[in-house]
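Enquirer: Pasting a predicted model and its sequence here:
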Amino acid sequence: SQKIEQNSEALNIQEGKTATLTCNYTNYSPAYLQWYRQDPGRGPVFLLLIRENEKEKRKERLKVTFDTTLKQSLFHITASQPADSATYLCALESRGIKAAGNKLTFGGGTRVLVKP
Amino acid sequence: KAGVTQTPRYLIKTRGQQVTLSCSPISGHRSVSWYQQTPGQGLQFLFEYFSETQRNKGNFPGRFSGRQFSNSRSEMNVSTLELGDSALYLCASSRGQGAYNEQFFGPGTRLTVL
């Protein structure tokens, strides 16, 4: 069966350190993968998209890698700040019931808590 | 540019009732997707509408339906509510159809079924 797995345990990290989150998937062959941030009581906010032919993508203090052989994406927050505390979700394309286009399927998310 | 808006923000219903939720996408966005988010199941795709047509559908019962109007605004309807339908319902809009596009999410409608 298809699975997208993110660490369900919260990641506690000291301010200034690098937070690394994993997204593992099974029985998917996504052409791209997206990462979102969600704060309590709010909708997710798009952060980064990485394509299958891209090994790495960066945006400010964020870095994403995509290894289609390992079926894994890593999400890094460097020089983490308390304001980075949130839940981070990975999402990848998958077929819906209708064949007209793909849909986004989300992982369960990993909560990050950055302590000052 | 105004973001995605959803109304109402909070709703309390009883089992057996039906509910209609509304979503106004970002101006110029033609695709609207709906998701259900619960603590147990996470964020699950319900359906996507593009140019007033349902283009894709998740694995939900027929009690969940939706539509999109010519101005891209969308509504979703849940009939014969069950306790398990209590969730945060999120709407997301994007410029184009399909999962490649960045999704812009609204704040959600918190539905409680008693």
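Expert: Everything's here; your move. Numbering: from 1, shown residues only, chains lettered A, B, ... in the order given.
Enquirer: beta partners for the most centrally placed residue in chain B?
Expert: Here the mean C-alpha position of chain B is nearest to the C-alpha of residue B:34 (C-alpha atoms, centre = their mean), at a distance of 3.1 Å. When bridges are called by DSSP bridges, residue B:34 pairs up with residue B:47, residue B:91.
Enquirer: ok, now how distant is it from residue B:71?
Expert: Residue B:34 sits 17 Å away from residue B:71 when distances are taken as C-beta to C-beta, to the nearest Å. Yep, even glycine has a C-beta here, placed from its N, CA and C like the rest.
Enquirer: now swap in residue B:18 and tell me
Expert: 24 Å.
Enquirer: can you check residue B:33 too?
Expert: According to C-beta to C-beta, residue B:33 stands 17 Å off from residue B:71.
Enquirer: Looking at those two, which one has more neighbours?
Expert: Taking residue B:33 and residue B:71 together and counting by other C-beta atoms under 10 Å in any protein chain shown, residue B:33 has the greater number of neighbours (30 against 10).
Enquirer: Output the contacting helices and strands for the worst-scoring helix or strand of chain A on mean pLDDT.
Expert: Within chain A, judged by mean pLDDT, DSSP states H and E, the helix or strand with the poorest mean is strand A:102-106; its value is a mean of 83. The contact analysis (3 or more C-beta pairs under 8 Å, 6 or more residues apart in numbering or on different chains; DSSP states H and E) places strand A:102-106 against strand A:86-95, strand B:31-38, strand B:42-50.
Enquirer: buried sites along the shortest one?
Expert: Looking back up the chat, that one is strand B:31-38. Within strand B:31-38, the residues that qualify as buried by neighbour count (16 or more other C-beta atoms under 10 Å in any protein chain shown) are B:31, B:32, B:33, B:34, B:35, B:36, B:37.
Enquirer: try the first one
Expert: The neighbour-count check on strand A:86-95 (16+ other C-beta under 10 Å) flags A:86, A:87, A:88, A:89, A:90, A:91, A:92, A:93, A:94 as buried.
Enquirer: What is the nearest of the residues you listed to residue A:33?
Expert: Distances from these to residue A:33 were compared by C-beta to C-beta; the smallest belongs to residue A:92, at 4.6 Å.
Enquirer: which residues does the closest one bridge with?
Expert: Under the criterion DSSP bridges, residue A:92 forms beta bridges with residue A:33, residue A:105.
Enquirer: Next, format the helices and strands packed on strand A:102-106 as CSV and append mean pLDDT and distance to residue B:59.
Expert: Formatted as CSV, the helices and strands packed on strand A:102-106 follow (pLDDT from 0 to 100; distance: least, C-beta to C-beta, whole Å):
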stretch, mean pLDDT, distance to residue B:59
strand A:86-95, 88, 11
strand B:31-38, 95, 11
strand B:42-50, 92, 8
